[in-house]
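K.L.:
what follows is a predicted protein model with its sequence.
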Amino acid sequence: MTVIGFYGSSKIEGWRLKLSQYLNDFTIVDLVSAEGEQADIALVWAPPAGQLTKMPNLRGIIMQGQGVDYMMADTTVPRDVPLVRLVDPDMSNALSHWAILAALDFWRDAPYYRTCQASANWQPIAQRQASGAKVGIMGVGAIGGLMAQRFAGLGFDVRGWARSPRQIADVKVFAGNKGLASFLDGLDILVSVLPLTPATRGIMNSNMFNQLAKGAFIINGGRGPQLVEDDLLDAIGRGQIAGAALDVFAKEPLPANHPFWVHPAITVWPHVAAQTNPNTAAQQVAAAITAIMAGLEPENRVDWQRGY
């Protein structure tokens, strides 16, 4: 019998029910327990530091979400055990929906009209051109690639940026450090769905903002530490950036006294753009468990050197 040690914010019973549709001989227990310490598989999100070192039978670590930066930062996580990130199609859809919602809210001046409604002020303003706005997606992997195609389908002029060259229909993709300046040049909307690595930490800064079109909009659905928060506030203050929609932050929960909460040009989302749903993620988790227990290479195994 495969023993799965569970730790995370979602409900263990929901995972037990859904995994039972794809796995036969298994049990799922609390990771932080005597039974959990004997588990073969850790199904986790941000487990306590050192907990995984207490598991002599551990054969695989499977994340309950796409991010692995917490695991990268925890030096106690065994590097010789396969670490698998979740790439759930439903999360890809959800994140795409959120980014498009934020972009259209900005592009169609929804904040202005909400202010008008609050004061019963019928005052139309000139509409931006409905097609042709330049949108850039940083991180056009499984999630960002789908997002880029969705934006293109709405008539946006879409660019993508990735670590290495790739082809995406209706999207011009730039690669590596050499392609970054051309990717950024004159963008109206910049979206990040990058993983957090040493190379992406602090990447969204004044230098980057200054390469965008004046009055551009920032959407961050990647990781909080990618954004230099003071640089964003400064760029908004001097009019280079019109505003931002942020789902991730350097410190979460976002402190109550943080200036983002009350800034009229910033929309705060509490890390909900793409939440893990056992209904859709269970099949992928079960496939990873089956592969690991059979001694095979699981899909979406994390490369410790790359950081994702």
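P.N.:
Cool, the structure landed. Owing to the predicted nature of the structure, the values given are computational and were not obtained by experimental measurement.
K.L.:
can you list the domain ranges for the chain.
P.N.:
Residue ranges for each domain of the chain read 2-88+276-293, 89-268, as given by automatic domain parsing.
K.L.:
could you pull up the mean pLDDT of the first one?
P.N.:
When you say that, I think you mean domain 2-88+276-293. Per-residue pLDDT over domain 2-88+276-293 has a mean of 94.
K.L.:
as CSV, the domains of the chain with distance to Y308 would be great.
P.N.:
Heads up, the C-betas are built off the backbone N, CA and C, glycines and all. CSV is the format used below for the domains of the chain (distance: least, C-beta to C-beta, whole Å):
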stretch, distance to Y308
domain 2-88+276-293, 6
domain 89-268, 4
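K.L.:
which of those domains sits closest to D303?
P.N.:
Across the domains of the chain, the minimum distance to D303, taken as C-beta to C-beta, is reached by domain 2-88+276-293, at 9.3 Å.
K.L.:
distance between the ends of that closest one?
P.N.:
For domain 2-88+276-293, the first-to-last residue distance is 8 Å (C-alpha to C-alpha, to the nearest Å).
K.L.:
quick one, helices of the chain?
P.N.:
12-19, 69-73, 89-107, 110-118, 142-153, 176-184, 206-209, 229-237, 278-293 (DSSP state H).
K.L.:
mean neighbour count and distance to R301 added to the domains of the chain, as a markdown table?
P.N.:
Below are those laid out as a markdown table (neighbours: other C-beta atoms under 10 Å; distance: least, C-beta to C-beta, whole Å):
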| stretch | mean neighbour count | distance to R301 |
| --- | --- | --- |
| domain 2-88+276-293 | 18 | 5 |
| domain 89-268 | 17 | 14 |
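K.L.:
how close does the spatially most central residue of the chain sit to I137?
P.N.:
The centroid of the chain falls nearest to G222 when counting by C-alpha atoms, centre = their mean (3.8 Å). In this view, G222 and I137 are 10 Å apart by C-beta to C-beta, to the nearest Å.
K.L.:
hey, what's in contact with both of these two?
P.N.:
Common neighbours of G222 and I137 (criterion: C-beta atoms under 8 Å, 6 or more residues apart in numbering): V193.
K.L.:
hang on, the earlier thing: what sits against the residue nearest to the centre of the chain?
P.N.:
Per C-beta under 8 Å, 6+ apart, neighbours of G222: M138, G139, S192, V193, L194, P195, L196, T200, V248.
K.L.:
strands of the protein, residue ranges please.
P.N.:
Counting by DSSP state E, the chain has strands at residues 2-7, 26-30, 41-44, 60-63, 83-84, 134-138, 157-162, 172-175, 189-192, 216-220, 241-246, 266-268.
K.L.:
how close does the residue lying closest to Q211 once chain neighbours are set aside get to P253?
P.N.:
Distances taken as C-beta to C-beta, 6 or more residues apart in numbering place L184 nearest to Q211, at 4.1 Å, with adjacent residues excluded. According to C-beta to C-beta, L184 stands 31 Å off from P253.
K.L.:
and what of D188?
P.N.:
Going from D188 to P253 by C-beta to C-beta gives 31 Å.
K.L.:
same question, P259
P.N.:
According to C-beta to C-beta, P259 and P253 sit 15 Å apart.
K.L.:
with just CA atoms, put stretch 207-221 into PDB.
P.N.:
C-alpha atoms of stretch 207-221 as PDB (Å, rounded to 0.1, in the frame of the first residue of the first chain):
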ATOM      1  CA  ASN A 207      14.600  49.700 -15.400                       C
ATOM      2  CA  MET A 208      11.900  47.400 -16.700                       C
ATOM      3  CA  PHE A 209       9.100  49.900 -16.200                       C
ATOM      4  CA  ASN A 210      11.000  52.600 -18.000                       C
ATOM      5  CA  GLN A 211      11.100  50.400 -21.200                       C
ATOM      6  CA  LEU A 212       7.300  50.100 -21.400                       C
ATOM      7  CA  ALA A 213       4.900  52.600 -23.000                       C
ATOM      8  CA  LYS A 214       4.100  55.500 -20.800                       C
ATOM      9  CA  GLY A 215       1.000  54.800 -18.800                       C
ATOM     10  CA  ALA A 216       1.400  51.000 -19.100                       C
ATOM     11  CA  PHE A 217      -0.300  48.500 -16.700                       C
ATOM     12  CA  ILE A 218       1.400  45.800 -14.700                       C
ATOM     13  CA  ILE A 219      -0.200  42.400 -13.900                       C
ATOM     14  CA  ASN A 220       1.700  40.000 -11.600                       C
ATOM     15  CA  GLY A 221       0.400  36.500 -11.200                       C
END
